[in-house]
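>>> got a predicted structure here, sequence first:
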Amino acid sequence: MRREKPSVENWGEDYLKKYFSDWKLLILLLLVAIFAYGGKLFFYTLASDDYGRFYSEGREQASWLGRWMAGIFNEHIFTQSLQILPYFNGLIGVVTLTLTGYVSAGFFAKMDRRDKAIFTLLIVISPFFGHNLYFNTNISVWITTFIGVVAVTLLYERTILQRVLGVILLVVSVGTYQTIVQVALVMVVVKALIELTVVDELKALKQVLCRNLLVVLLIVVSFFGSLVINYLYIEYNHLTRVGRFKRAESNLPFSIYMDRVVLMYKNSWHLFFRLNYFQEQLTALYKIFTLFALVAFIKNLLAKKLKVQIATILILLLIILAIPLVLYAPLITGNTMPTRAHYSVGWLLAGFFLLQITIFRGFFKTLSYLLAASILVVSAFYISVFYDAAYRQTAMDITRANQIVNRIRSAEDYINEPVKFKIVGERAFMVKGWSLRFQQALQNSWSQYTIFTHFTDLKFLRMSDKEYKEVEQTIVQKGALIEEYPGYNSIVLYKGKAVLFLDSSEINAQIKLANFPSRAPDLSSKFDIYIENGSIYYKKTPCSREDIKDTFFLHVYPKEKVVSHRISKKSGIEYMDFPFGEFGKVENGSCSAVRELPKYEKLKVATGQFTRSKILWSAVYSYPKGSVEQK
């Protein structure tokens, strides 16, 4: 008689049968995903992180981002040349994301091939994954997103061993990218909503609630388990907590956290994520799709018994209250959420689609298909436009770096290489259609020097602060204002040293301070203030360090509407707050500073100093009559 294999040996086989039974559909969906992400696969695009980590390790991810597993991946697997391979990495991303969507579809319900395809594609073809795939260094993220989804499916299995395995896999996934926690929680939300539509008894309702709350508990345990490992990883590698990770663990007053929670709810309907293209169209489609799913759920609810209706409504309200906390969880730590981190939205949309097609019939079901198709079409166009702009931006960044090298070598004071090289400031040079300011090489200090290291043949050494001070003193002595690149004197060579000025405001402040106005001030408050030659000057005599320790605010009010990324869209004001040390100097018991004002026509300028709790002093200069207000 044939012995049966122990059930533990059949897990893999059972899992494949359950989730990968239709290989033809999976291959078809993969081809659709390759078509949608063709701009990623067949055109060369680099994000600032790609420049920064080019041929490097990734250990710093634990101390900077709290991602210990991503550090291990980038240090031992996808490291050096394997970390930035746009086609290879992109292909792995498209394959694993397609598998992720496909497994998710099999997890939530049995669907026919058409519905399963739409469900999968709503997860895979999204602007959020489009932004995430743009980062070649995120290859470990895409792989562990798939692992994280598999982990959630195991958490719903009945045996303890399967759940333990699910927790372990989720710990590894979260250690790569914390957004996977949000994906896991959204999956629980969707699972609960689907299960609530089929229960008719309070006992079954209680079972649904308990089962899903248990999974939430296991997800929370996985998150904190990953956090503990991250701390151990940092200690073992003698790293220092910095950046987002340090900001997230800051101890702040409880009221600040409550304000953040209130903001999350207040702005949920307006959506936090910013899309580069088709913002109005996609936002409208998402809102309509959400309302349509709510209508479907209410329709299903009306057919239930009264007691079940009341209990279901309470659970639904709990879920609605939880959704903003799940989707925008990182905001509670004080960190922002870039567009690429919102990809858990795909599971929510797919869940809403499943709700609609399960409950609606006839016209309304057809309308659900049309809405889903509309979202997919607009998303596909979004991804195509995004990668077209990304390709042109990457090509222009690399071209610009080589143009800078040519200017250095053709300058009269060029001697030989290696040169001592310094880049001052950051500046965006965006091609048409590109609006991610920090995702270009010269706008981000993280990537500024690496683009010259890996994409030009310039031989250089980083200039020390002492060496730059020597160059700076020479420039100030000459007295000629420096233009920002690509201005004619934006690259300064001096005794084998080359300085590229992307931002010349600080050096020009030093030059202008050497020619301080010798007249009566326009305003007198704690500091004397002068408005002259397109700049605002500050002076205080006598002056101590106590007078300059607090931040200066400088608010510029345009006379007419001006389109600029520097101007707040909400208030129409340009905020130019600054610390004294960057634009001022202390000399012979006197403190003086200067800021260059924008060149557009101004209505007024407000300035002063402030702390977190209050304004210390303020003054307002009004144009063009010069009338003043001060206090």
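Alright, I've got the coordinates. Owing to the predicted nature of the structure, the values given are computational and were not obtained by experimental measurement.
>>> need the longest helix for the protein.
helix 363-410 (DSSP state H).
>>> next SSE after it?
Using DSSP states H and E, the helix or strand that follows helix 363-410 in sequence is strand 419-424.
>>> what pairs with that next one, and is each one parallel or antiparallel?
strand 460-462 (parallel), strand 497-501 (parallel) (DSSP bridges).
>>> report all helices and strands that the longest helix of the chain contacts.
helix 23-36, helix 38-42, helix 113-124, helix 127-133, helix 279-301, helix 345-359, helix 448-455, strand 491-494 (3 or more CB pairs under 8 Å, 6 or more residues apart in numbering; DSSP states H and E). To be clear about C-beta, it is placed using only N, CA and C from the backbone, and glycine gets the same treatment.
>>> is the residue nearest to residue 395 when sequence neighbours are not counted in a helix, a strand, or coil?
Nearest residue to residue 395, sequence neighbours excluded (CB to CB, 6 or more residues apart in numbering): residue 44, at 7.5 Å. Secondary structure state of residue 44, per DSSP: H, G, I helix; E, B strand; the rest coil, is coil.
>>> relative to residue 328, how far out is residue 44?
For residue 44, the distance to residue 328 equals 33 Å [CB to CB, to the nearest Å].
>>> who's in contact with the nearest residue to residue 497 once chain neighbours are set aside?
Spatial nearest neighbour of residue 497, excluding adjacent residues (CB to CB, 6+ apart): residue 420 at 4.3 Å. Residue 420 makes contact with 460, 461, 462, 463, 464, 467, 496, 497, 498, according to CB atoms under 8 Å, 6 or more residues apart in numbering.
>>> pLDDT check: weakest of those?
Least confident of the contacts of residue 420 in the model: residue 496, at 87.
>>> so what's the residue count around that residue?
For residue 496, the neighbour count with other CB atoms under 10 Å is 14.
>>> check contacts around it.
415, 416, 419, 420.
>>> returning to what we had before: number of residues surrounding the residue nearest to residue 395?
A total of 11 residues lie near residue 44 under the criterion other CB under 10 Å.
>>> doesn't residue 446 belong to a strand?
No - counting by three-state DSSP, residue 446 is not found in a strand; it is coil.
>>> now the strands: where do they sit in the stretch 451-600 of the chain?
460-462, 491-494, 497-501, 523-524, 528-532, 535-540, 551-558, 574-575, 584-587, 590-596 (DSSP state E, counting those that start in this stretch).
>>> what is the fifth one packed up against?
Spelled out, it's strand 528-532. strand 535-540, strand 615-622.
>>> reformat the ones you listed as JSON lines; add mean neighbour count and distance to residue 97.
Below are these laid out as JSON lines (neighbours: other CB atoms under 10 Å; distance: least, CB to CB, whole Å):
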{"stretch": "strand 535-540", "mean neighbour count": "20", "distance to residue 97": "51"}
{"stretch": "strand 615-622", "mean neighbour count": "16", "distance to residue 97": "50"}
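>>> looking at those strands, which is nearest to residue 509?
Checking the helices and strands packed on strand 528-532 against residue 509 by CB to CB gives strand 535-540 as the closest, at 8.4 Å.
>>> distance from the chain centre to that closest one, please.
Relative to the mean C-alpha coordinate of its chain, strand 535-540 is positioned 37 Å out (CA atoms, centre = their mean, to the nearest Å).
>>> now stretch 190-210
So, by CA atoms, centre = their mean, the centroid of stretch 190-210 is 35 Å from its chain's centroid.
>>> averaged pLDDT, that stretch. What do you get?
Averaging pLDDT along stretch 190-210 gives 89.
>>> and that stretch, how far apart are its ends?
15 Å (CA to CA, to the nearest Å).
>>> go on, stretch 154-166?
5 Å.
>>> who's in contact with it?
8, 11, 107, 150-153, 167, 169-170, 191, 211, 215, 218-219.
>>> I'd like to know which of these are buried.
Taking 16 or more other CB atoms under 10 Å as the criterion, what is buried in those is 11, 107, 150-153, 167, 169-170, 191, 215, 218-219.
>>> which ones among those lie within strands?
When DSSP state E defines the strands, the subset of the buried ones among the contacts of stretch 154-166 inside them is empty.
>>> what sits against residue 385?
Taking CB under 8 Å, 6+ apart, we find residue 385 in contact with 276, 277, 433.
>>> quick check: pLDDT value at the most centrally placed residue in the chain.
Residue closest to the mean C-alpha point of the chain, counted by CA atoms, centre = their mean, is residue 338 at 2.2 Å. Listed pLDDT for residue 338 reads 82.
>>> wait, it touches residue 131, no?
Yes - Residue 338 is in contact with residue 131 according to CB atoms under 8 Å; the separation is 7.2 Å.
>>> of the contacts of residue 496, grab the buried ones for PyMOL.
Buried members of those, defined by 16+ other CB under 10 Å, are picked up in PyMOL with:
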select buried, resi 419+420
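>>> just the contacts of residue 496 now: which is nearest residue 223?
Looking across those and measuring by CB to CB, the closest to residue 223 is residue 420, at 46.1 Å.
>>> who's the residue nearest to residue 497 bridged to?
Going by DSSP bridges, residue 420 forms beta bridges with residue 461, residue 497.
>>> quick check: it vs residue 510, distance?
Separation of residue 420 from residue 510 (CB to CB): 20 Å.
>>> where does the stretch 401-550 of the chain dip in pLDDT?
For the stretch 401-550 of the chain, applying pLDDT under 70 flags no range at all.
>>> re the thing from before, including distance to residue 472, could the buried ones among the contacts of stretch 154-166 go into a markdown table?
Output for these, formatted as a markdown table (distance: CB to CB, whole Å):
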| residue | distance to residue 472 |
| --- | --- |
| 11 | 66 |
| 107 | 61 |
| 150 | 56 |
| 151 | 54 |
| 152 | 56 |
| 153 | 60 |
| 167 | 56 |
| 169 | 54 |
| 170 | 52 |
| 191 | 61 |
| 215 | 59 |
| 218 | 57 |
| 219 | 53 |
